[in-house]
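Engineer: Generate a structure from the sequence data that follows.
(chains A, B, C and D)
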There are 2 protein chains.
Amino acid sequence: MVRKTKEDAELTRQRIIDAARTVFLTRGVSRSTLEHIATEAEVTRGAVYWHFKNKTEIFYALRDRAFLPLIDRMYDTLAIQTDDIDPLTQIENSLSDTINELNENIEMRQIYEIMMIKCEYVDEFATVLQQILNNCSDITEKIQLAYERAQAQNLLTTILTPHALALDTHLFFSGLLHMWVKDADGSRFRHQAKQLIQSHINLRRK
Amino acid sequence: MVRKTKEDAELTRQRIIDAARTVFLTRGVSRSTLEHIATEAEVTRGAVYWHFKNKTEIFYALRDRAFLPLIDRMYDTLAIQTDDIDPLTQIENSLSDTINELNENIEMRQIYEIMMIKCEYVDEFATVLQQILNNCSDITEKIQLAYERAQAQNLLTTILTPHALALDTHLFFSGLLHMWVKDADGSRFRHQAKQLIQSHINLRRK
DNA sequence: TTGTTTACATACATTCTTGTTTGTATATAA
DNA sequence: TTATATACAAACAAGAATGTATGTAAACAA
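Structural biologist: Predicted coordinates for the structure are as follows:
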């Protein structure tokens, strides 16, 4: 029995992406073969080649499915201008939300782990680096806007500019994400991630 | 002409490690073959196999040659108790020193880049992750000690504990290193790394 | 109902890569 | 001076992985 309906086909496509996630996570992207992925998805390489040109295309499909949404989400929560919450708490919530999502969403967490420590950024993958840098710039800008609002409301310690504060926060959060991912057993960073974020923000409060 | 002197042999060993650095950097660790490395070192695979068991051993040799010394160095500068410089400036200098070293030492910089974005941490390489986490703990501790001295000298904003400050600083610096490495053209982070460090520290000053 | 396309499975050819084995010239120790 | 170990080079064998080509049964359109 071959030739499924369109819905069936889309389902196998998704199963291949899911399989790739599992395989990438345990073997790393470069050591994962299409045979590994096919077996994990309980299909043959024929099916994989039908849906994807090659491993790189699967990688990008996997990335787009979770990595981009998370960035968008963070981007959105930062951009929302709700006047009932003070800007500093908004930043704190935005960062905490991201950590929350990583905690609760296994798929998200695994994809992050793959992108951070199970992938070599060379050749076809090198473009991702530029994308990451661009996303970082966007997010830093959003954080800066929030800090500017905080400054306008006289909530900030006046030592640094909103721009400098935003860069510092962004670097802090980048570091936290990296450590969060590496700290697989959760003993060092994962269990106290929210406290770290809170401390970081409190340091800026007047 | 084969059979060199011991000095010659050690020289080829070093040239193989150097070659590996170049090849790892451009092709990523997993896509680098021993043939690539041998060619770059202007020897044959025979020489490579004579000096190293396999690629993994070259990887660790490369890592030990620069990665560990840099950590040790940072560790040392933090541990030195010079009373003529205030503890906060000591932390600042220690972080700046590390950035300096990365700026000036090509080998160091390239090895960092390999370890951060040209290597997949699975199987034989997974142990490195644990080492990184351990080193981070050590460095955070040293930073904390410096903050405690700063607190004793009443230099700190009293909002956070030295422990919380140390964690925040460490995460900031981790983020900075990652961004520093990714920012290959230097336009976003490399050119202003020292300012970022200075701002980060100034935020803690009373 | 039949022809065509879809959604795969299977088979094949080729290239890469690895580890090992064998060969060899020469430094070095005895 | 000679034997032996060293520091490689070269050749070999085997397995993996990739991409492509071919086969095929069922869905769907006409």
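Engineer: From what I see, residue A:110 and residue A:21 are in contact.
Structural biologist: Yes - if you go by Cβ atoms under 8 Å, residue A:110 and residue A:21 touch, sitting 5.5 Å apart. To be clear about C-beta, it is placed using only N, CA and C from the backbone, and glycine gets the same treatment.
Engineer: Pick out whichever of those two has more residues nearby.
Structural biologist: Taking neighbours as other Cβ atoms under 10 Å in any protein chain shown, residue A:110 and residue A:21 compare with residue A:21 leading, 22 against 19.
Engineer: Enumerate the residues of chain A near DNA strand C.
Structural biologist: Within chain A, the positions near DNA strand C by Cβ under 7 Å from any atom of the strand are A:2-4, A:6, A:8-9, A:12-13, A:38, A:43-47, A:49-51.
Engineer: now do 10 Å
Structural biologist: Taking Cβ under 10 Å from any atom of the strand as the contact definition, chain A meets DNA strand C at A:1-13, A:15-16, A:35, A:38, A:41-51.
Engineer: what about the residue in chain A positioned nearest to DNA strand C, how many residues close to it?
Structural biologist: As assessed by Cβ to the nearest atom of the strand, DNA strand C sits closest to residue A:46 within chain A, at 2.0 Å. Using other Cβ under 10 Å, residue A:46 has 9 neighbouring residues.
Engineer: Pretty sure residue A:22 sits against residue A:40.
Structural biologist: Yes - contact criterion Cβ under 8 Å: residue A:22 and residue A:40 qualify, at 5.7 Å.
Engineer: can you pull the contacts of the residue nearest the centre of chain A?
Structural biologist: Residue closest to the mean C-alpha point of chain A, counted by Cα atoms, centre = their mean, is residue A:67 at 4.5 Å. Contact partners of residue A:67, counting by Cβ atoms under 8 Å, 6 or more residues apart in numbering or on different chains, are A:111-112, A:115.
Engineer: That one: which element?
Structural biologist: Element membership of residue A:67 [criterion: DSSP states H and E] is helix A:55-79.
Engineer: Report whether the worst-scoring helix or strand of chain A on mean pLDDT contacts DNA strand D.
Structural biologist: Lowest by mean pLDDT, DSSP states H and E among the helices and strands of chain A is helix A:55-79, with a mean of 86. Yes - Helix A:55-79 is in contact with DNA strand D by Cβ under 10 Å from any atom of the strand, via A:55-57.
Engineer: If you rank those residues by neighbours, which is first?
Structural biologist: For those, neighbours were counted using other Cβ under 10 Å, and residue A:55 has the most, 18 neighbours in all.
Engineer: Which of the contacts of residue A:67 fall in helices?
Structural biologist: A:111-112, A:115 (DSSP state H).
Engineer: out of those residues, which one sits closest to DNA strand D?
Structural biologist: Nearest to DNA strand D out of the ones in helices among the contacts of residue A:67 is residue A:115 (Cβ to the nearest atom of the strand; 18.8 Å).
Engineer: Against chain B, how distant is that closest one?
Structural biologist: To chain B, residue A:115 is 10 Å away according to Cβ to the nearest Cβ, to the nearest Å.
Engineer: That residue: neighbouring residues, count only.
Structural biologist: Other residues close to residue A:115 by other Cβ under 10 Å number 21.
Engineer: Make sure it is actually in contact with residue A:128.
Structural biologist: Yes - taking Cβ under 8 Å as the definition, residue A:115 is a contact partner of residue A:128 at 7.5 Å.
Engineer: Now for those two: what residues contact both?
Structural biologist: Residues within reach of residue A:115 and of residue A:128 at once, by Cβ under 8 Å, 6+ apart, are residue A:63.
Engineer: ok so, going back, between residue A:22 and residue A:40, point out the one with more neighbours.
Structural biologist: Per other Cβ under 10 Å, whichever of residue A:22 and residue A:40 has more neighbours is residue A:40, with 18 against 15.
Engineer: Skipping its backbone neighbours, what lies nearest that one in space?
Structural biologist: Once flanking residues are discounted, residue A:40 sits nearest to residue A:19: 3.7 Å by Cβ to Cβ, 6 or more residues apart in numbering or on different chains.
Engineer: On the three-state scheme, the one you found is what?
Structural biologist: Assigned with DSSP: H, G, I helix; E, B strand; the rest coil, residue A:19 falls in the helix class.
Engineer: Which of the helices or strands spans residue A:23?
Structural biologist: Secondary structure from DSSP H and E places residue A:23 in helix A:6-27.
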